[in-house]
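Enquirer: I would like the atomic coordinates for the input below:
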Amino acid sequence: MTIDHVPSLPETPLPASAADAAPAAPGTAGDLLASAQAFLQSLDAWPAAMHHLGDADLSALAAVMLHLSRRAETITAVATIDAAERGTIAQSTAASITH
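Expert: Modelled structure (predicted):
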């Protein structure tokens with residue numbers, strides 16, 4: 001397998017924080033979360049199915065997954081920044097020695 005090209009970072013990067021983003025319509029976040037959870041479950045099927053792909057499609061799959069990985073890292077960073085700005089992290093007892 002050869003990867004024809006490694007995807008570059010998205011041309012339109014995500015905003016540095018959720019406060020910098022244009023507001024989405026009500027209900028969008030819940031729909032996106034449900035969609036992401038369903039997509040995550042579909043990823044579990046790939047190991048058993050990818051042997052059906054030809055070389056070109058296998059390369060395309062690898063390129064898509066690399067792009068997905070980069071985008072997921074960015075979204076995770078933005079979510080962490082949003083949680084910090086909201087005070088969610090400061091209020092968390094997850095790292096508390098009393099729990």
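
Enquirer: okay, now the unreliable bits of the chain?
Expert: Applying pLDDT under 70 to the chain flags residues 1-21, 95-99.

Enquirer: ok, longest helix in it?
Expert: helix 55-86 (DSSP state H).

Enquirer: which residues belonging to that helix are considered buried?
Expert: In terms of neighbour count (16 or more other C-beta atoms under 10 Å), helix 55-86 has its buried residues at 58, 59, 61, 62, 78, 81. (Glycine included, C-beta is placed from N, CA and C.)

Enquirer: who are the packing partners of that helix?
Expert: The helices and strands touching helix 55-86, judged by 3 or more C-beta pairs under 8 Å, 6 or more residues apart in numbering; DSSP states H and E, are helix 88-91.

Enquirer: which elements pack onto the helix it packs on?
Expert: Helix 88-91 sits against helix 55-86, with contacts defined as 3+ C-beta pairs under 8 Å, 6+ apart.

Enquirer: distance between stretch 80-93 and the chain's centre?
Expert: Relative to the centre of its chain, stretch 80-93 is centred 19 Å away, using C-alpha atoms, centre = their mean, to the nearest Å.

Enquirer: dump it to CSV, keeping only the CA atoms.
Expert: Written as CSV, here are the backbone C-alpha positions of stretch 80-93 (Å, rounded to 0.1, in the frame of the first residue of the first chain):
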residue,chain,number,x,y,z
THR,A,80,-10.9,21.6,26.5
ILE,A,81,-10.5,25.4,26.1
ASP,A,82,-14.3,25.8,26.3
ALA,A,83,-14.5,23.7,29.5
ALA,A,84,-11.7,25.7,31.1
GLU,A,85,-13.4,29.0,30.1
ARG,A,86,-16.7,27.8,31.5
GLY,A,87,-15.1,26.7,34.8
THR,A,88,-15.9,23.1,34.3
ILE,A,89,-12.4,22.0,34.8
ALA,A,90,-11.9,24.1,37.9
GLN,A,91,-15.1,22.7,39.4
SER,A,92,-14.2,19.1,38.7
THR,A,93,-13.5,16.7,41.5
